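A.B. asks: show me how the following folds:
(chains A, B, C and D)
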Amino acid sequence: MNQETPQKKRPLSQNGRIFYLVPLAAALIPFFANDYLQFIVNMIMVYVLVTVGFNLVIGNLGQLAFANTAFFGIGAYMTAILMTYAGFTYELALVGAAISGGLAGLLASVTALRGIRLYYLAIITLAFGELMRWVYIHAEPVTMGTDGLPLPDVTVFGMSMHSETAKFYVFLLITVLVVKGTSNLLKSRVGRAILAIRDNELTTASLGISTANYIILTFVWSGSVVGIAGAMFAASTERVFPESFGLTEVIVHFAMVMVGGAGSLIGSVIGGVVLTALPEYFRQFPGMEELFFGAIIIAVLLFLPKGLVSLLAKVSPLFRERYFRE
Amino acid sequence: MKTTSKWKLPLGVLAAMGIMAGTAVADDTTGLTDTTIKVGVMGPFSGNASSYSKAQIGEMAYYKMINDQGGVHGRKFELIEEDTACQPAKGIAAAKKLVSQDKVFMMHGNSCSGVAMAVKDIVVESGTPWIVAHAVNPNISMPPTPNVFHGVPAGPAYGYTMGKFVMSKPGTKNVVMVEHSNDWAKSYADPTRDYMKTKGVEPTMVLAMERGQTDATAQVLKIRQAKPDFIVASLYEAETVIFLKDLKKYGITDIPVMGAAGTDLENTLARIGDIDTVKNYYVPHAFIDTVDGPGMKKWNDMILKYYPGETITGFSYVSIGSAVAAVQALKNAGPDLTREKFIAELDKIKDFDTGIFATNITWSADDRHGVKESAVAGFVDGKPTVMKSWNQPM
Amino acid sequence: MSGLLNLSGVSVHFSGLKALTDVSFSANAGEVTALIGPNGAGKTTLFNVVSGYVQPTAGEIHFKGEAIQGLTPHEVSEKGVRRTFQNGGLFGDMTVLENILTGLHVQINSNFWGLLFGTRKADEAERAAAARARRLLALMDMDGFADQQVKSLSGGQQRMVEIVRTIATEPPLLLLDEPAVGLSPPMRARMMEVIKRLAGEEGISILLIEHAIDLVMAGSDRIIVLNSGQKIAEGKPAEIRENREVLEAYLGYA
Amino acid sequence: MLMQLTVSGLSQGAIYALIALSLTVVFRATTVVNFGHGDFVLGGAFGVYVLVVMLGLPFLPSAIAAIALMFACGILISRGFIDPIKAGPHIGFAMMSISLGYIFRGTTRSIWGREVLPMPRVFDIPPIFVGDLVITGDAMIISGTVAILLAGFFVVFYKTSIGKVIQAVYQSERGATLIGINVKRFHDMMWGAGLAMGAVAGILIAPISLLHPDLGAGFLIRGFAAMTLGGFGSLGGAVAGGLILGVTEQYAGAYINTALIDITSYLVILVVLVVRPSGLFGKRAVVRV
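C.D. replies: Coordinates of the predicted model:
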């Protein structure tokens, strides 16, 4: 590599500033929100990570995998199981959830690498997700079946996380770290390789890039992120139930990715926020959920295929995804 | 430190707002005005268990009727419906909304045991009086907590009823159980098993039949081989019909089938359309009469008055009895209502005839399972009949 | 076995169809070697064989003295044989710069954890790569297009970008599949100039498929002529111009 | 018992076969796997319910009307929802079809969510007893109807000029365009045919299963399992796969554990795709993307 003169101290780019401003502003939410709103805000962060993770596989890598609900459930159950049976503290269980989510991702990627792609991948991962739910229900001695597995007192570094406010600050920290880490990865050769594979796997290989490794990496990272989201979900509900990881969840995840913008990290954040908050807002019209999510995906596919973020990108270059650092 | 000074003012304002918000803590008269009582009604109004929400419909019809009669001590019920979709996470959001945003005086409802278990801690911590009016998991109100009451027969009560009925048939030794793998079915099947065990009978076979299955051949053929004296079928409405039809198909019409609460005879018969297939089907029936019986007419009329077009099934009545008891307790608490007084009055409800439950309600501070037993309904001479035990009409 | 790339007796049969029969030749380091021949002569098949997309039915291919037949495209690419595609292999959803950066992938010295945590080292490796990508684009006078979406470029510009991207991988041997097809005459001349410059200044050896005879004659050091899957001639441009068989088969003398 | 399980499995399997075949018809013609198909299958049944129970029409005309309605729905989906996004990534098709399915399900739920609807029994054929073996009226109606339908389908497909056209387009869309076939209209027709065939399956099963909005997911998964088993994209394979799946469910339930009936399809999908992705009868399975 030719010699470059690295700038010593660079001012934060506009992008960078926004990145830190949003969570800083968010940190003030507990001053306004009642317990209910705080819970919703916490759920928003859970779903932001769910979407961030899912988008990596379907948006960035362009693989149609339904295993996201499975990653989510595995993360949540792993957290509850590690805390209940192995006496893990929450922060350790969180790591366990990330690792087990990652392992589930590895499994999915192995299938993808065996040439099971597109619809085959979709169907096999759909089956995998439903099979996991069957396991949660029937592995009763461990999971307590449909009664749900309660979490022991959730503490982080010895401090209780029972209140929504405490959960909020822990979740905020996790969310910021995971989103920043994902952003770092995407704005590097890793992110470009993933995108290149989506566009044309053969060409990518011809550039000396090991496509298999990056497919594995994407699934594992996606699984870990969603596993972490699962651990947050478990802490939020304090009891893990099989019903939380059924087929309705699949469409919710899809909708979040599509509405925000497939293949866009900022889009994931937007999709997670909007589609967690909106249904809460529409609480008064129960029964509309399937119609709502179905209609919203169709509308996006027909009229806004790149999601809300593409609208914003027209307004401000801040929302344009960049896959390099300068 | 330019940034700090820039943030000082807004931060200070926010902190002050936070403190102010904090001081507005829930007190004993939360959710009350001189003319209203806010009641939170949580139920699965959407999602795949939405047929349970008939229970909330019945209960709300009752409250609306009381409102039309002038309310309680001049206060009318303001019902706030919250959907749980039978999903724990949604239920938690609903409970938190009712407690910390709508600030209801009391909560009455909940159909799904999973959701009820998930929200239990939240409700207990908030001190909101909560009458669980449909979910049957006994652990929701056991061990007792200061503010949670069970207003339906809980699982053990149903299990006791189902088990007792099965064992009341002379010579019952060989029992086969068929059930869904979900919390609903387990809450009936497990206590039934427990009761039968006390009588020295273990099920010969436990078979799974999942929701959405359209065929029960495998189960029925296994039953045919086992030749049981009684079958306990903890199945949801649709699957009950499929199961009974398949029994008939393979010529098993003489083995009695004990169903779970949630199906009723009239609708099951209507769906099957053939009395021969259902003549040996029995269901726990917590109410004084069958759906089409004269005893239920006034309740049916009440529901249809406020919810025209509602199809009435056994689910429709489940929560009305506890609403009757709650209204009684509110009356007894007098015009200067507080949560404390209300809870005290609920605990004074003893052997209370609700006019709809076959069994009276009794609550006390150390036993919140208000309804201890249920009757059973079955066909006698082709007519739906409520009965106490095998061959013993009420 | 003197050249950088040696083919000896390479044949490819697709279920009875003889796409290549017993082809042998060498491409030398630092030279532009051109493959010509009429449509269906087997040029693209030959590229596919060399780059690992098609397995030879018989014969051997050596690169830097190492046998590479039977390797996967990825393995061949790792050995240093890189190619461009006839129908544009650019990543349409990326900008020009990001495309070039993808070409620089293997040269960016950073690991997963460094990138994840955004360590200074990883950051700088990324930034240096971006700077280098811009310089490579400048080499082709393409630096003005760096932040444009690839989709918005003309066909010729896209091909330029693809070549720059392949060069970015610093390949010892570059396989160019019809780089000038569809270009305007000035662009074609420019393309040939660039190719020559690559061989000369950047030290990249080039194996080229090209239809435009004038370009090939002007720009290459050696020419291999294929017809019906067989090599019919080999030599310097001047020699090929004189070769009767070539004239008959290819240049259309009846 | 074995014979009885086989008979009942084949009758269930006939339904799965029809669902799998209708999925395959759309897939082969348009390369779109219809993830909303389970709900469309149910759509046919709900259509009949509305016409027969709510409007009081006789069964047979109602069934034909419901099938025609679903055919029209198929055309609408093809024209209004699939065609406009064909330039986009393939993932879009899957999401579109899932979403359309959810719309169907949401609609039925918002109308009948709190009810379990009985479908009237139309043909009450007494069962036949062969020794210990019972062949029920339902089984006879289902297998009979499906058999006739399948026979008709394969005759049309392999013996008529329409079938030749369909095969031609299956082989090569570009080629078909060259010989003057309107591929867009062909896609519409195949979507219509797929949904109509699915609707038949729904109408056949509804009198047995009653109607509630959640049946669709199970139908979809069983259709997928049957397709996978028979070899994705193979028409005959879909039929064979459906029958084998139906029988496998019964055997697994009776001889191993009744809890397995519900996940047989999932296990079939996982095992087949991992061990032999081409299925039992398929030629190629691995799709390079």
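A.B. asks: centroid-nearest residue for chain C?
C.D. replies: Note on chain C: the residue nearest the mean C-alpha position is C:Leu175, at 2.0 Å, using CA atoms, centre = their mean.
A.B. asks: state the three-state secondary structure for that residue.
C.D. replies: With DSSP: H, G, I helix; E, B strand; the rest coil as the basis, C:Leu175 sits in strand.
A.B. asks: nearest spatial neighbour of it, chain-adjacent residues omitted?
C.D. replies: Once flanking residues are discounted, C:Leu175 sits nearest to C:Arg83: 3.7 Å by CB to CB, 6 or more residues apart in numbering or on different chains. (Each C-beta comes from the backbone N, C-alpha and C, glycine too.)
A.B. asks: for the residue nearest to the centre of chain C, name its beta-bridge partners.
C.D. replies: Taking DSSP bridges, one obtains C:Arg83, C:Leu207 as the residues bridged to C:Leu175.
A.B. asks: I'd say the residue nearest to C:Leu175 and C:Val49 touch.
C.D. replies: No. At 11.4 Å, C:Arg83 and C:Val49 do not qualify as touching, with contact defined as CB atoms under 8 Å.
A.B. asks: now the helix or strand containing A:Trp221: mean pLDDT?
C.D. replies: Element membership of A:Trp221, judged by DSSP states H and E, is helix A:211-237. Helix A:211-237 shows a mean pLDDT of 94.
A.B. asks: for that helix, buried residues please.
C.D. replies: Judged by neighbour count (16 or more other CB atoms under 10 Å in any protein chain shown), helix A:211-237 contains these buried residues: A:211-212, A:214-237.
A.B. asks: tell me if D:Phe129 really is in a helix.
C.D. replies: No. Secondary structure of D:Phe129 (three-state DSSP): strand, not part of a helix.
A.B. asks: can you pull the pLDDT of the residue of the stretch 151-254 of chain C at minimum distance from chain A?
C.D. replies: Among all residues of the stretch 151-254 of chain C, C:Thr169 sits closest to chain A, at 5.6 Å; criterion: CB to the nearest CB. For C:Thr169, the pLDDT comes out at 80.
A.B. asks: burial count for it?
C.D. replies: Neighbours of C:Thr169 under the rule other CB atoms under 10 Å in any protein chain shown: 21.
A.B. asks: how near is it to C:Gly103?
C.D. replies: Plainly put, C:Thr169 is 5 Å away from C:Gly103 if you go by CB to CB, to the nearest Å.
A.B. asks: intersection of neighbour lists for the two?
C.D. replies: Listed contacts common to C:Thr169 and C:Gly103 are A:Leu207; contacts here mean CB atoms under 8 Å, 6 or more residues apart in numbering or on different chains.
A.B. asks: the bottom helix or strand of the chain by mean pLDDT?
C.D. replies: Going with chain A. The weakest-scoring helix or strand in chain A, judged by mean pLDDT, DSSP states H and E, is helix A:14-26 (a mean of 75).
A.B. asks: C:Leu46 is in what secondary structure piece?
C.D. replies: Using DSSP H and E, C:Leu46 falls in helix C:43-50.
A.B. asks: now do that helix against strand C:173-177, angle only.
C.D. replies: Inter-element angle recorded for helix C:43-50 and strand C:173-177: 150 degrees (by axes from the mean of the first three to the mean of the last three CA atoms, to 10 degrees).
A.B. asks: now, which of the buried residues of helix A:211-237 lie close to chain C?
C.D. replies: With CB under 8 Å from any CB of the partner chain as the criterion, those include A:Thr211, A:Leu217 near chain C.
A.B. asks: coming back round to it: restrict the least confident helix or strand of chain A to CA atoms and write it as CSV.
C.D. replies: Extracted as CSV, the C-alpha positions of helix A:14-26 are listed here (Å, rounded to 0.1, in the frame of the first residue of the first chain):
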residue,chain,number,x,y,z
GLN,A,14,-22.1,15.0,9.8
ASN,A,15,-23.1,11.4,9.8
GLY,A,16,-21.1,10.7,12.9
ARG,A,17,-22.6,13.7,14.7
ILE,A,18,-26.1,12.4,14.0
PHE,A,19,-25.1,9.0,15.2
TYR,A,20,-24.3,10.3,18.6
LEU,A,21,-27.0,12.9,18.8
VAL,A,22,-29.9,10.5,18.4
PRO,A,23,-29.0,8.3,21.3
LEU,A,24,-28.1,11.3,23.4
ALA,A,25,-31.5,12.8,22.8
ALA,A,26,-33.1,9.4,23.4
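A.B. asks: report all helices and strands that it contacts.
C.D. replies: On a contact count with 3 or more CB pairs under 8 Å, 6 or more residues apart in numbering or on different chains; DSSP states H and E, helix A:14-26 meets helix A:164-186.
A.B. asks: show me what the helix it packs on is packed up against.
C.D. replies: Under the contact definition 3+ CB pairs under 8 Å, 6+ apart, helix A:164-186 sits against helix A:14-26, helix A:35-55, helix A:211-237, helix A:265-281, helix C:112-117.
A.B. asks: next secondary structure element downstream of that helix?
C.D. replies: helix A:189-199.
A.B. asks: buried residues in the helix or strand that comes right after that following helix?
C.D. replies: Following helix A:189-199 in sequence order, the next helix or strand is helix A:201-206 (DSSP H and E). For helix A:201-206, the neighbour count (16+ other CB under 10 Å) marks A:Glu201, A:Thr203, A:Thr204, A:Ala205, A:Ser206 as buried.
A.B. asks: dump the residue contacts of the fourth one.
C.D. replies: Spelled out, that is A:Ala205. Here A:Ala205 is in contact with A:Thr211, C:Thr72, C:Pro73, C:His74, C:Ser77 (CB under 8 Å, 6+ apart).
A.B. asks: tell me the secondary structure at the fourth one.
C.D. replies: To tie it back to what came earlier, the one meant is C:His74. helix.
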